[in-house]
Each structure stands twice: as C-alpha cells, then as structure tokens.
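**Student:** Predicted model and sequence follow; I will ask about them next.
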Amino acid sequence: MLARRLIESLLRQQPRQQRLRQINIPRTAIITSRSQLSYPGAVWCNRSYADRSISYARSRWLHESRNNKSARDISSNASPYYRNEPGQLSSQPSNMDQPYPSTTEDGYYTISFYSFFDIPESRLQSLRDKIQYEWDSKLNIVGRIYIYDQGINAQLSIPAENVQKLRMWLEENYIFVGRIPRFNWAIDHRRAFKSLHVRVRPLVATDIPLSMETLRCEPEYLQPDEWEQQLRDLGEDALLVDMRNNYEYRIGRFENAVCPDVDTFREEMTVVRDMCKTRSRDQPIYMYCTGGIRCSIAGAILKSEGHSNVKTLQGGVIAYGKYVRENRDNSQSSIYRGKNFTFDKRLGEVVTSEVLTKCDQCGGECDTFTNCANNSCNLLFVQCSTCAEKHHRTCGNELCVERAQMSHEERVKDRMGSIWNYHLRVRPNKVFDKHGIAQPNRQ
C-alpha cells in the first residue's frame with residue numbers, strides 16, 4: 001500500500017494532460033505506453049517519470065520491509081494457493097521469503113511455487129514469452145515453468161543474489177501481484193536444471209475436467225508439525241495416500257502410507273477416487289506429494305465430490321524434510337523414511353539416512369536414481385556407484401554402452417528414436433534380466 005500511495009502522490013504532481021487514470025483502481029501498475037491500457041488499474045505516465053517514481057517507491061518499500069520485524073508471509077492466509085481475486089500489493093515483499101537457506105553448493109537456490117488464478121487465454125503466449133526472456137536473460141533462472149488459464153506451477157534454480165529480484169518481478173507484474181505465496185525452498189540447493197523452459201500447458205496432467213470452482217474446494221492444509229502429530233496419534237488407522245508415482249514412493253515415504261501402483265497422476269486419481277468411495281464422506285483422508293500441487297488438485301476434486309475432511313501437507317515432502325533438518329537432533333525420529341524424489345538433475349534429496357531399496361543391476365543396498373546415459377534409452381533406475389562405473393552409467397545394454405561412449409556430434413549424426421514407451425521407462429523391474437542388463441526385447 002505504501003508503494004501505491006507514493007506513486008499516486010507523485011503522479012498527482014504531474015500536469016493534468018500527462019496522466020491518464022481509470023476509475024476504481026484495484027491495484028497500481030505503471031506502464032509506459034497507452035497501448036498497454038487494456039487491464040483495470042492501469043496508470044500511464046512517460047517513461048522517465050515512471051522510472052523515477054518506481055525507483056523512489058521501491059527504495060521506500062524495501063526500507064520498510066527490512067525494518068519491520070513482524071512481517072508475515074502471505075501463505076499463512078486461509079487460502080494459500082487459490083488466489084482468484086485481484087491481487088493486493090504485498091506489504092513486505094523483501095521479507096516474504098525469509099529466512100533464506102544458509103548453504104548452497106554452487107551459488108544457486110532451488111525453489112518451487114504454484115498458485116491458482118485466472119489468466120486470460122489471450123494473454124498466455126505473451127506472458128510465456130515475457131517470462132522466458134526476462135527470467136532467462138535478466139535473472140539467470142533455469143527450470144521448468146507451466147502457465148495455463150488456471151495459474152502457474154514453477155520449479156526452478158536461481159542465483160542466490162537474484163531471489164529478491166524474482167520476488168520483486170512477481171510483485172510488480174499486474175498478473176502475479178499478491179498471488180504468489182512464499183517460495184517453497186528445496187531441502188538441498190544447487191543448480192538442478194540445465195536451462196529454462198516455460199510452457200503453456202495444464203499445471204498438472206489429469207483426465208478429470210478442472211474448473212476454478214473445483215480448485216476453490218481446497219483441502220485443509222497442515223503445517224509439518226501438525227501433520228506429524230495427527231499421523232502419530234492415528235497410527236495405522238489413518239488413510240494416508242501417497243499421491244506420487246510408484247518410483248517416487250520406492251526411495252522414500254511416510255510410515256503407513258498407501259501408494260497406488262501407477263506411473264502417472266492421471267492413473268492415480270482414478271484409483272484414489274475409487275478407494276475413497278468406500279469411506280464415509282466425513283472420515284479424514286490424508287494425502288501428500290513432493291511439493292503440494294498434486295494434493296491441492298486431488299484434494300479439491302475429492303472435496304468437490306462430497307468428501308468433507310481432506311487434509312494435506314502444505315509444501316509437501318519438501319516442507320517436511322526442511323522441518324526435520326531444522327527442528328531435530330539425531331536422537332529424534334522422523335515419520336518419513338528415505339529420500340524425496342525430485343524431477344530435476346538431482347533425482348532426489350535426503351530426508352533421512354535410511355535406504356529403502358536396492359540397485360536394479362546388482363541388488364546391493366542403494367537408493368540413487370539415475371537415467372541411462374544413452375538419451376534414446378533414458379531408462380530411470382536405481383544404480384550403485386560400482387555398477388555405474390562397470391556399465392558406463394548405462395542400463396548395461398550393448399547398444400547403450402556403445403552410444404554412451406560416442407561423442408555428442410556422433411550421437412546427433414546417428415540419431416535414433418526412443419527405445420521404451422513411458423510406462424516401461426519407469427519400470428526397470430520389467431526390463432532388466434537376471435544379470436542386471438536391460439533387454440528391449442523383454443517388452
């Protein structure tokens with residue numbers, strides 16, 4: 001609000017002919033071209049005046065943020081992710097994501113966030129192009145961003161010095177202002193993506209038609225300590241559903257969790273809906289996933305179908321993993337065991353030291369996921385360091401070993417199609433023979 005008052009005060013000092021103001025401004029946006037006056041709340045002024053106004057307001061805004069010790073993040077609101085009402089300028093943007101993690105391997109932080117709100121379909125492509133260009137060239141962000149007419153879903157790595165700049169970028173963009181909750185910091189930090197990809201596509205793939213009205217039926221969000229206490233109290237009596245895929249569940253999971261034996265969220269929603277049909281509509285249903293968005297959507301679907309007591313872990317396994325690290329000593333136990341699978345170069349981050357699975361090639365204790373070094377294979381499987389060295393980081397198939405030792409130019413010249421369909425690519429038990437070698441003819 002301070003920024004808005006400052007800018008409006010400065011604008012009122014201009015000659016009348018230099019300003020154009022619409023009535024009932026819901027929020028302030030400074031633009032430098034009359035052609036951009038296509039959304040409510042626009043204020044036009046010449047570029048140099050706008051730059052000075054924004055610079056002055058921003059400096060006051062940041063000063064206020066740094067000196068206000070009681071700043072609270074907006075994710076503590078009753079509706080942390082459904083934000084379809086016009087956004088309000090966050091009062092404490094620079095403090096909103098504090099405290100920042102204390103360590104990073106290479107100067108990059110890995111973060112995620114999502115939010116549900118209407119984005120006009122006509123603006124999606126231009127918004128996508130703007131994010132792709134500015135986040136890449138100005139903020140050096142790498143990651144995977146999905147935007148759609150129902151909001152945004154982002155997983156990214158960003159240089160530590162640009163985190164606050166990203167928050168300010170979001171707060172100064174009229175589509176995102178006040179609509180992006182506190183960043184969900186990863187458990188382990190490093191550059192987890194090769195490049196930035198921004199795509200116009202559904203935030204989560206599901207065959208169930210989704211509307212903003214459905215997404216408004218949010219589940220109850222529990223903080224990690226609340227989640228842990230309720231599950232400890234219920235023990236085996238809780239219906240605790242792991243909304244991730246079978247391979248994610250394989251290397252880490254909560255005690256007493258049930259994970260449908262499926263490979264995609266689409267398939268899982270069908271199984272979970274059938275599972276819940278046998279339960280009373282007011283019986284508690286607990287669900288969790290990696291960062292929260294799958295449970296926000298699944299929980300909204302179940303609530304829209306009449307299940308009134310759906311609860312989920314806010315921030316997902318990521319949030320719980322940070323809670324375990326920050327609030328426990330080694331003598332205290334976690335109700336989550338093993339690793340949290342991640343959809344990036346890390347392919348997992350440690351929550352506890354327990355190893356829950358074995359190497360797919362030799363059967364030794366291991367929980368390190370990898371992809372076959374032959375991109376045409378790209379098989380996802382668990383591989384120990386010994387087997388990685390023995391098979392040149394491949395699945396052991398002769399063709400894959402040969403291609404893994406080719407130069408990049410040779411592989412491009414001798415390009416080949418995918419060896420596996422998706423379901424086999426994430427099911428190593430179906431393609432490895434007894435010697436730990438993947439055999440395409442086993443399809």
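**Tutor:** Happy to help now that I have it.
**Student:** Distance from stretch 253-270 to the middle of the chain?
**Tutor:** Averaging C-alpha positions (Cα atoms, centre = their mean, to the nearest Å) puts stretch 253-270 18 Å from its chain's average.
**Student:** oh sorry, the question was meant for stretch 251-268
**Tutor:** On Cα atoms, centre = their mean, the centre of stretch 251-268 falls 18 Å from that of its chain.
**Student:** Report the buried residues of that stretch.
**Tutor:** Using 16 or more other Cβ atoms under 10 Å as the test for burial, stretch 251-268 gives 251, 252, 253, 254, 257, 259, 260, 262, 263, 265, 267, 268. C-beta: built from backbone N, CA, C; applies to glycine.
**Student:** what about the helices in the stretch 251-400 of the chain?
**Tutor:** Shown for the stretch 251-400 of the chain, the helices assigned by DSSP state H, counting those that start in this stretch span residues 265-277, 293-304, 316-327, 385-390, 398-404.
**Student:** Out of the ones you listed, the one nearest residue 378 is which?
**Tutor:** Among the helices of the stretch 251-400 of the chain, helix 398-404 comes nearest to residue 378, with 9.7 Å by Cβ to Cβ.
**Student:** May I see the buried residues of whichever helix or strand comes after that closest one?
**Tutor:** Following the chain from helix 398-404 toward its C-terminal end, the next helix or strand by DSSP states H and E is helix 408-413. Under the neighbour-count criterion of 16+ other Cβ under 10 Å, helix 408-413 has nothing buried.
**Student:** Find the one among the helices of the stretch 251-400 of the chain with the highest mean neighbour count.
**Tutor:** helix 293-304 (a mean of 24; mean count of other Cβ atoms under 10 Å).
**Student:** So which residues make contact with that helix?
**Tutor:** If you take Cβ atoms under 8 Å, 6 or more residues apart in numbering as the criterion, helix 293-304 is touched by 81, 114, 116, 153, 203-204, 206, 208, 210, 213-219, 243-244, 265, 268-269, 272-273, 276, 285, 287-289, 310-313, 316.
**Student:** low-confidence ranges in the stretch 201-350 of the chain?
**Tutor:** 329-332 (pLDDT under 70).
**Student:** repeat that with 80
**Tutor:** 207, 328-332 (pLDDT under 80).
**Student:** does residue 128 count as helix, strand or coil?
**Tutor:** With DSSP: H, G, I helix; E, B strand; the rest coil as the basis, residue 128 sits in helix.
**Student:** Excluding sequence neighbours, find me the nearest residue to residue 110.
**Tutor:** residue 186 (3.9 Å; Cβ to Cβ, 6 or more residues apart in numbering).
**Student:** That neighbour: how many residues sit nearby?
**Tutor:** 25 (other Cβ atoms under 10 Å).
**Student:** Could you check the pLDDT of it?
**Tutor:** In this model, residue 186 is scored at 96, pLDDT.
**Student:** same deal with residue 127?
**Tutor:** 97.
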